[in-house]
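> okay, predicted coordinates and the sequence, questions at the end:
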Amino acid sequence: MKPLNNFLFTLLALALAGCAVGPDYQRPLMPLPAAWVAPLPHEGNPAKLKQWWAAWGDPVLSNLIENAERENSTITVSLARIDQARAALTAATAPLFPRLTGNANETRSRSNSGNNITSGQNSLPSAPSTAAGSTAPNTTRSASLDAAWELDLFGGNRRGREAAAARAEASVLNWHDARVSVAAELATAYTNLRACEILVNGYVRDAASRSETARLTDLKAQAGFAAPADAALTRASAAEAAARLTAQRADCDVDIKALSVISVVSEPELRQKLAANTATFPTPSALVIDSVPAQVLSQRPDVAAAERELAAASGDIGLAEADRYPRISLSGSIGYVATKAGDVSVHGSTWSYGPQLSLPIFDAGRRAANAQSAKARYAETLATYQGLTRRAVREVEEALVRIKSANDRTTDALAALNGYVAYLRAAEARVKAGAGSLVELEEARRSVVASQGVAVGVERERLTASVSLYRAVGGGWN
């Protein structure tokens, strides 16, 4: 038995200390900080996402984001994928340990034979029996405990576990990415809705003013103090304003429906919530940002998840390569068997053990093709990771440019709006005094409407660019 024990000890040492085939994963060099440790967005604390958006000074927005965190299907799907990835990790870890299986069995059998032996025309009667043509049943009972363990000589199982662990980490990062994405999408939709409401309020005032001007001009035309053409002009202007207002209200209804889907709040309830801050933009505390440190990009969960997928693809190469090498398994069994045939019974214990060797001799290139396919998937995943990292840098730079542009245009847009409003008031006063022109008044009104749209658009762009920067850096910045 001593040589056998030495053989088993040698196999065990190989299994525990054997080299794993396939590449040892190294994080690829990218145009980011060399010491990259990717923190989670909001420090991995779901409650801090709400705290970050609280700085926007809009309780309605914070409440909607909090509800989306609980109910949005995108986040729910990401949570389910975490459970799947963790289950896959458990399954990939199992082959590293022995398998133990218990078996129990009971069978009954009976053999039948004829009671006559014939030869030619003559037959001889058989001896009498308790049951013609039958014997007592045979009963066999057995129980066993089977153990098996595949020695991970070439590290295939270890590489498989490495890949599963990396994918489990990626699933958590993808969940954080879903949270950031949903919050950003909701904040953008909310900002668009508030901008729409502000325009509606302006269009309501404009439509009321034009309608009143048309009414007074009609009275003057009927009294002969105004030309019929002036009355037609004011009526056309009032109709134009009413049509613009109707279209803008429809846009707001569409925005509300979109916001209802993202926030997972019913439309009637959502309208009640929105009534608290109608036609009011959120007021973020800090939107003057000149630059973002490159280290901030490391918290982008989608970039970090892509890097973990790359590590998983590297592990898949080792798993496929190990499949091309011999396999050695150890198996053993202990059991008990009892057999009863009529009045005779036999029972006793059984045992067996020994190694099993499997050699891949010919498979028409299947294993080699699997290894090559794993290498190609790694190359594809690397290209995806590199492209995503470069896109992250571009998105941050674009968001900073848009924020700066909006900040620079805000003063001019407000100055233009205030100037056109003052001009409109003067034009209205001149018309009321009988010294002004209706054409001049309508031109002033068009200028106010246009400049109002520009001013609201600049503020909306400033806020949505801030949301884009929040998304681009992976969930806020300090």
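Sure, I can see it.
> tell me where the stretch 201-350 of the chain has helices.
Assigned by DSSP state H, counting those that start in this stretch, the helices in the stretch 201-350 of the chain fall at 228-263, 267-274, 301-322.
> so where is this structure shaky, pLDDT-wise?
Scanning the chain for pLDDT under 70 picks out 1-19, 29-50, 111-136, 286-299, 476-478.
> which one of the helices of the stretch 201-350 of the chain lies nearest to Leu199?
helix 228-263 (5.4 Å; CB to CB). (C-beta placed from N, C-alpha, C; glycine too.)
> so which elements touch that closest one?
helix 59-71, helix 156-223, helix 267-274, helix 438-472 (3 or more CB pairs under 8 Å, 6 or more residues apart in numbering; DSSP states H and E).
> got the buried residues for that helix?
230-231, 233-235, 237-238, 240-242, 244-245, 248-249, 251-252, 255-256, 258-260, 262-263 (16 or more other CB atoms under 10 Å).
> how big is the angle separating that helix from helix 59-71?
Orientation check (axes from the mean of the first three to the mean of the last three CA atoms, to 10 degrees): helix 228-263 against helix 59-71 gives 40 degrees.
> tell me the angle of helix 228-263 relative to helix 156-223?
Using the same axes, to 10 degrees: helix 228-263 against helix 156-223 is 160 degrees.
> run the chain-centre distance for helix 228-263.
38 Å (CA atoms, centre = their mean, to the nearest Å).
> same thing with stretch 152-168?
That offset, for stretch 152-168, works out to 24 Å (CA atoms, centre = their mean).
> ok so, going back, with respect to Ala406, which of the helices of the stretch 201-350 of the chain lies nearest?
It's helix 228-263; of the helices of the stretch 201-350 of the chain, that one is closest to Ala406 (CB to CB) at 20.1 Å.
> Leu330 - how many residues pack around it?
By other CB atoms under 10 Å, the residues close to Leu330 number 18.
> that one touches Leu151, doesn't it?
Yes. Between Leu330 and Leu151 a contact is recorded at 6.9 Å, counting by CB atoms under 8 Å.
> rewinding a little: could you dump the helices and strands packed on helix 228-263 to a markdown table with mean neighbour count?
Shown next, in a markdown table, are the helices and strands packed on helix 228-263 (neighbours: other CB atoms under 10 Å):
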| stretch | mean neighbour count |
| --- | --- |
| helix 59-71 | 18 |
| helix 156-223 | 21 |
| helix 267-274 | 14 |
| helix 438-472 | 20 |
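> JSON lines for those, including distance to Glu398?
Shown next, in JSON lines, are the helices and strands packed on helix 228-263 (distance: least, CB to CB, whole Å):
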{"stretch": "helix 59-71", "distance to Glu398": "23"}
{"stretch": "helix 156-223", "distance to Glu398": "14"}
{"stretch": "helix 267-274", "distance to Glu398": "30"}
{"stretch": "helix 438-472", "distance to Glu398": "7"}
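> out of those, which is closest to Leu382?
Here helix 156-223 is closest among these (CB to CB), at 13.8 Å.
> pull the distance from that closest one to the chain's centre.
Centre-to-centre, helix 156-223 and its host chain are 20 Å apart (CA atoms, centre = their mean).
> direction-wise, compare that helix with helix 301-322 and give the angle.
Using the same axes, to 10 degrees: helix 156-223 against helix 301-322 is 150 degrees.
> show me what helix 156-223 is packed up against.
Counting by 3+ CB pairs under 8 Å, 6+ apart, helix 156-223 packs on helix 46-54, helix 59-71, helix 73-93, helix 228-263, helix 301-322, helix 438-472.
> what is the burial count for the nearest residue to Asn370 once chain neighbours are set aside?
Of all residues not flanking Asn370 in the chain, Ala320 sits nearest, at 4.6 Å (CB to CB, 6 or more residues apart in numbering). Neighbours of Ala320 under the rule other CB under 10 Å: 24.
> ok, Ala320 - contacts?
By CB atoms under 8 Å, 6 or more residues apart in numbering, the contact list for Ala320 reads 22, 367, 370-371, 373-374.
> could you rerun that using 7 Å?
370-371, 374 (CB atoms under 7 Å, 6 or more residues apart in numbering).
> let me know the closest of these to Thr283.
For those, the nearest to Thr283 is Ala374 (52.3 Å; CB to CB).
> which helices and strands does the helix or strand harbouring the closest one pack with?
Assigned by DSSP states H and E, Ala374 belongs to helix 366-432. Judged by 3 or more CB pairs under 7 Å, 6 or more residues apart in numbering; DSSP states H and E, the packing partners of helix 366-432 are helix 301-322, helix 438-472.
> include distance to Arg402 when you put those into JSON lines, please.
JSON lines is the format used below for the helices and strands packed on helix 366-432 (distance: least, CB to CB, whole Å):
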{"stretch": "helix 301-322", "distance to Arg402": "20"}
{"stretch": "helix 438-472", "distance to Arg402": "4"}
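> quick check: Thr140 is in a strand.
Yes. The assignment for Thr140 is a strand, going by DSSP: H, G, I helix; E, B strand; the rest coil.
> from Ser109, how far off is it?
8 Å (CB to CB, to the nearest Å).
> neighbour-wise, which of these two wins?
Each of Thr140 and Ser109 has its neighbours counted (other CB under 10 Å); Thr140 has more, 16 against 9.
> for the contacts of Ala320, which one is nearest Val77?
Checking those against Val77 with CB to CB, the nearest one is Ala374 at 27.1 Å.
> for that closest one, give me its contacts.
Neighbours of Ala374 in contact, by CB under 7 Å, 6+ apart: 316-317, 320.
> turn these into JSON lines, including distance to Gly202.
Below are the contacts of Ala374 laid out as JSON lines (distance: CB to CB, whole Å):
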{"residue": "Asp316", "distance to Gly202": "59"}
{"residue": "Ile317", "distance to Gly202": "62"}
{"residue": "Ala320", "distance to Gly202": "64"}
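> between those residues, which is nearest Ala147?
Ala320 (27.8 Å).
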